[in-house]
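In: test case, fold it:
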Amino acid sequence: MPGTLIHGGMLVDVERRASTATDLLIRDGVIADIGEPGAVPMGSDDERYDATGMFVAPGFVDIHTHVFDHGLFRTTRLAADRVGVEQGVACLVDAGSAGAVTIDAFPRVVHQSQATPVFALVNIGSPGLPNLGGGHSSRPELVSLEATVRAIERHRGWVRGVKVQASASHTGDFGMTAVRLARKAAELTGLPLMAHIGNAPPVLDDVLDLLRPGDIVTHAYHGKVGGALTFGDRVLPALHAAVERGVVIDIGHGRSSFSFATCERALAEGLPVHTISTDIHRGNLDRHVVSLARTMSKLMLLGLTLEEVVAAVTIEPARALRLDADGFGRLDVSQPAHVTVFRVREEPIALEDSEGEVRTAPRWIDPQSVFVRGERYDRTAAV
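Out: Numbering: from 1, shown residues only. Have a look, this model is predicted:
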């Protein structure tokens, strides 16, 4: 099988947060060689991918998407490839579109029809089931610790965590009980917990107190009252404490969960952005979110370097959900060839957050191609 030499690009070293001119050879689905430009020998049948003026990075990873495109959810969920390989993204994680009673359909609905590798978090509640009402985890009959644990055990190969939606919209008065059950499910299975935070109840301080090192707070910088910022626009002390003990801060942009102003203030106080994700679904595909690349561009606008932004969609999410064991997050010889090639367009673009605020960025990220296990997919969908 012919290989591909990606030549002339700037390789992003996500460990050192630096970029260097480097050639990379892909053969038989793995990275066969990495070296200085012109120093990597090509075979007679190998193809040359001219990456001059582009960046070469580990395949982009989006750890908060909704791509369980089951018949129950077709008005809200997306096909994985639409926001995966078609947008230059090598790996997706569906963040709780399926609960214990629907997760068994995931391989048929997603894995068997999509080229993009997709992992999943199991929702402690029962998202999307018809005629339930009141939110995914709002009543005891919708939340089962036993069923969640057993569902995870059935699908250990691709389930990477537990999801709970810790906001009034999804848990109602059952909020903290749902969070505690999700915390227990994560503990029993040895996996991380991703906590969606939003409008209270439950109160954010109480949710954060239950999170342990390696757990993930998604929608961390939304603009709702009771979020990351407290009186005087100071960062909530409980959020500082959570970060200090190893809780992962995830963007989870969504239609109502990312504020330029909130994120800007948090960054000014020294809080991090560990992982950048979209919370993408049909409701924000055309506005607010659009793509992972556009979300990355918003964080560059707020002051993160290109290398920091790339790390937040490669090595950091791979570590957070143990995707590094599947070859994601880094570019190493003899490892699976998951690679994203992108340009940085030096031209203005209008970017909108979830609050409706529009800011103009002077440059933006534009994926050109993605390689998944060495197979090339050129970007076809708008970013």
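
In: contact partners for the closest residue to residue 88 other than its chain neighbours?
Out: Sequence neighbours aside, residue 367 is the residue nearest to residue 88 in space, at 2.4 Å (criterion: Cβ to Cβ, 6 or more residues apart in numbering). For every residue, glycine as well, the C-beta is placed using N, CA and C. Taking Cβ atoms under 8 Å, 6 or more residues apart in numbering as the definition of contact, the neighbours of residue 367 are 60, 87-89, 293, 340-342, 379, 383.

In: let's go with 10 Å and repeat that
Out: The neighbours of residue 367, taking Cβ atoms under 10 Å, 6 or more residues apart in numbering as the test, are 54-55, 57, 60, 85-90, 291-293, 296, 340-343, 378-379, 381, 383.

In: doesn't it fall inside a strand?
Out: Yes: under the criterion used here (DSSP: H, G, I helix; E, B strand; the rest coil), residue 367 sits inside a strand.

In: and it, what are its bridge partners?
Out: When bridges are taken as DSSP bridges, the partners of residue 367 come out as residue 342.

In: next: the one 4 residues further on.
Out: The bridge-partner assignment for residue 371, based on DSSP bridges, gives residue 339, residue 376.

In: burial of it, as a residue count?
Out: Counted with other Cβ atoms under 10 Å, the burial measure for residue 371 works out to 25 neighbours.

In: my read is that it contacts residue 337, right?
Out: Yes: taking contact to mean Cβ atoms under 10 Å, the distance of 5.3 Å between residue 371 and residue 337 places them in contact.

In: common neighbours of these two, please.
Out: If you check residue 371 and residue 337 against Cβ under 10 Å, 6+ apart, the residues they both contact are 4, 6, 24, 26, 29, 31, 59, 90.

In: which of the residues you listed fall within strands?
Out: Members of these lying in strands (criterion: DSSP state E): 4, 6, 24, 26, 31, 90.

In: re the thing from before, among the contacts of residue 367, which ones are in helices?
Out: Using DSSP state H, the subset of the contacts of residue 367 located in helices is 292-293, 296.

In: same list (the residues you listed) but as CSV, adding pLDDT and distance to residue 113.
Out: Formatted as CSV, the entries for the ones in helices among the contacts of residue 367 read as follows, by pLDDT from 0 to 100; distance: Cβ to Cβ, whole Å:
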residue, pLDDT, distance to residue 113
292, 98, 21
293, 98, 24
296, 98, 27
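
In: ok, these vs residue 148, which is closest?
Out: Closest to residue 148 out of those is residue 292 (27.6 Å), distances taken as Cβ to Cβ.

In: can you give me the helices for this protein?
Out: So, for the chain - with DSSP H - the helices run 80-83, 106, 145-154, 168-171, 175-189, 204-210, 237-244, 260-268, 292-301, 306-311, 315-320.

In: circling back: from residue 341, how far out is the residue nearest to residue 88?
Out: In this structure, residue 367 and residue 341 are separated by 7 Å, where distance is defined by Cβ to Cβ, to the nearest Å.

In: going by residue numbers, what spans are strands in the stretch 1-150 of the chain?
Out: Using DSSP state E, counting those that start in this stretch, the strands of the stretch 1-150 of the chain run over residues 4-13, 18-27, 30-35, 47-50, 55-58, 60-65, 89-99, 118-123.

In: for those, which one sits closest to residue 247?
Out: Minimum separation from residue 247 across these (Cβ to Cβ) falls at strand 60-65, 14.5 Å.

In: tell me what angle that closest one forms with helix 292-301.
Out: Relative orientation of strand 60-65 with respect to helix 292-301: 100 degrees, computed using axes from the mean of the first three to the mean of the last three Cα atoms, to 10 degrees.

In: including distance to residue 109 and mean pLDDT, could the strands of the stretch 1-150 of the chain go into CSV?
Out: What follows is those, written out as CSV (distance: least, Cβ to Cβ, whole Å; pLDDT from 0 to 100):
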stretch, distance to residue 109, mean pLDDT
strand 4-13, 31, 98
strand 18-27, 30, 97
strand 30-35, 29, 98
strand 47-50, 33, 97
strand 55-58, 27, 98
strand 60-65, 14, 98
strand 89-99, 9, 96
strand 118-123, 10, 97
